[in-house]
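> Sequence and predicted structure are below.
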Amino acid sequence: MSSPAVIFGGPSPEHDISILTGLQAARTLAGAGRAPTCLYWSKTNEWHEVDAALEGADFADGVPRRARPLRFVAGAGGGFVGEGGALRKERPLPISAAVVCCHGAPGEDGTLQSALDLAGIAYTGPDAAGAALGMDKLAFGEVCRGAGLPVLAREVVGEGPPSFAGPYIVKPRFGGSSIGIVVAADAAAVTAAARQSVHLRRGAVVEPYRDDAADLEVAVRTYPSLVLSAISKPEKGRGVYSYKEKYVGGEGMLSAPRELNPSLPGKVAEVVRDAATAVASLARLRGVARVDFLLDGDEVWVNEVNTIPGSLSKHLWDVPFIEVLDGMLAEAQARPTTAWTTDGADGTALRSAGSIAGKLG
């Protein structure tokens, strides 16, 4: 019998949005009779089992009432373990596969994915390598550039000025959803922003700022075969497509204004779809992801990939959300994220190694 789980929250700036995505997924699974286990990851890095019927406001002040504490155990036979009792043996919760709804590090950068791999829990979304690549804006940009995809210049913010002219946009190297993004007029402002913002201290990248550029986005589903959603052109104010415009609405991204399948110049739509298809392979996408582009006139560039998008991009699909979730869970079990082997570790090197003291000289 299938026993799905939904994982959401986490010690991330996108903690709150992750809760909303997770509750949407949990409520949909519950309504379809799937009886999901809801795993809430708190801001303080603790795990709790919570009810799928909760609302976002129940989490506004922290862990909701009547949440049941859990421990996470890595290794064979590990998983999410509830409290035992005098007559009840402590054992991991039964989970056939988990829908990962965590946005931002460490739920989206490979940390959670690696932990789930060690515990032997099947999960949706990117594997550890794909998650790490998608979260690293510099590495992702260079992979796209190496594959011949159109990308803007992108450099690490260092002591010297950028090699291209301003104005500039400065972004967290390991972040997303427009949090921490700063527009800078000159090189001095780029350096100052990187030093002052808590979101940029772990690392920052700088790009040319295109004030007139429009955003385009297309979602990707990878199972049982690759499918692209409609192209969306978010309606935004002048400048950066902000976190508030994306998420702070009555229904989050679902209520954010956008134009689906907009009229685009020349071959822009074809370039977007071809590039999104290429990114799906390059970034090892699984489940549902969203690829974001910038459009200026008839020029288009790959901007970034969101490997676990808000609301799992359900607003971009013309199929029921339960169908999207069922496909993700089926893929999680059909396409394992690990294929470790000990072939070659047969003891030969150990037997012929001699003494460790001798190797130390």
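On my side now, so go ahead.

> Can you give me the distance of the closest residue to Leu200 other than its chain neighbours to Trp317?
Nearest residue to Leu200, sequence neighbours excluded (Cβ to Cβ, 6 or more residues apart in numbering): Ala194, at 4.8 Å. (Each C-beta comes from the backbone N, C-alpha and C, glycine too.) Going from Ala194 to Trp317 by Cβ to Cβ, to the nearest Å gives 37 Å.

> longest helix anywhere in the protein?
helix 15-31 (DSSP state H).

> ok so, going back, who's more crowded, Ala194 and Trp317?
Ala194 (22 against 17; other Cβ atoms under 10 Å).

> Can you list the buried residues in stretch 185-203?
Within stretch 185-203, the residues that qualify as buried are Ala187, Ala189, Val190, Thr191, Ala193, Ala194, Ser197, His199, Leu200, Gly203, counting by 16 or more other Cβ atoms under 10 Å.

> In the stretch 51-200 of the chain, where is pLDDT below threshold?
Regions of the stretch 51-200 of the chain meeting the criterion pLDDT under 70 cover residues 84-88, 177.

> ranges for the strands of it?
68-73, 79-81, 97-100, 155-156, 168-172, 182-184 (DSSP state E, counting those that start in this stretch).

> and the buried residues of stretch 185-203, which two are the farthest apart?
Ala187 and His199 (19.7 Å; Cβ to Cβ).

> Could you chop this protein up by domain?
What the record gives for the chain is the domain set 4-123, 134-150+212-334, 155-208, from automatic domain parsing.

> For Pro13, which of the strands of the stretch 51-200 of the chain is the nearest?
Across the strands of the stretch 51-200 of the chain, closest to Pro13 is strand 168-172 (Cβ to Cβ), at 9.1 Å.

> Neighbouring strands - and their directions - for the closest one?
Strand pairing for strand 168-172, using DSSP bridges, gives strand 182-184 (antiparallel), strand 204-208 (antiparallel).

> Export only the CA atoms of it, formatted as PDB.
Taking Å, rounded to 0.1, in the frame of the first residue of the first chain, the C-alpha atoms of strand 168-172 are listed here in PDB:
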ATOM      1  CA  TYR A 168      24.500  45.600 -12.300                       C
ATOM      2  CA  ILE A 169      22.300  43.200 -10.500                       C
ATOM      3  CA  VAL A 170      23.800  41.300  -7.600                       C
ATOM      4  CA  LYS A 171      22.300  38.000  -6.500                       C
ATOM      5  CA  PRO A 172      23.000  35.400  -3.800                       C
END
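
> which residues are in contact with that strand?
The set of residues external to strand 168-172 that reach it, using Cβ atoms under 8 Å, 6 or more residues apart in numbering, is 137, 157, 162, 179-187, 189-190, 193-194, 199-200, 202-209, 240.

> picking up where we left off before, quick one: closest of the domains of the chain to Leu350.
That would be domain 4-123 among those, by Cβ to Cβ, at 23.0 Å.

> So the most centrally placed residue in the chain, which state does it fall into?
The centroid of the chain falls nearest to Ile308 when counting by Cα atoms, centre = their mean (3.4 Å). Local secondary structure at Ile308 is given as coil here, using DSSP: H, G, I helix; E, B strand; the rest coil.

> Any figure for the gap between it and Asn261?
Taking Cβ to Cβ, one finds Ile308 at 24 Å from Asn261.

> Now tabulate the domains of the chain in CSV and tack on distance to Ser352.
Converted to CSV, the domains of the chain look like this (distance: least, Cβ to Cβ, whole Å):
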stretch, distance to Ser352
domain 4-123, 30
domain 134-150+212-334, 37
domain 155-208, 42
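
> between those, which one is nearest to Thr348?
Among those, if distance is taken as Cβ to Cβ, the winner is domain 4-123, at 25.7 Å.

> Now find how far off-centre that closest one is within its chain.
16 Å (Cα atoms, centre = their mean, to the nearest Å).

> what's the span of that domain, first residue to last?
One end of domain 4-123 sits 9 Å from the other (Cα to Cα, to the nearest Å).

> Ok, stretch 131-148 next?
OK, stretch 131-148 end separation, Cα to Cα: 21 Å.

> before we move on, the earlier item: out of the strands of the stretch 51-200 of the chain, which one sits most buried?
Most buried of those, by mean neighbour count (mean count of other Cβ atoms under 10 Å): strand 97-100, with a mean of 26.

> That strand packs against which elements?
Judged by 3 or more Cβ pairs under 8 Å, 6 or more residues apart in numbering; DSSP states H and E, strand 97-100 is in contact with strand 4-9, helix 15-31, helix 111-119, helix 321-334.

> No further queries at this time; thank you.
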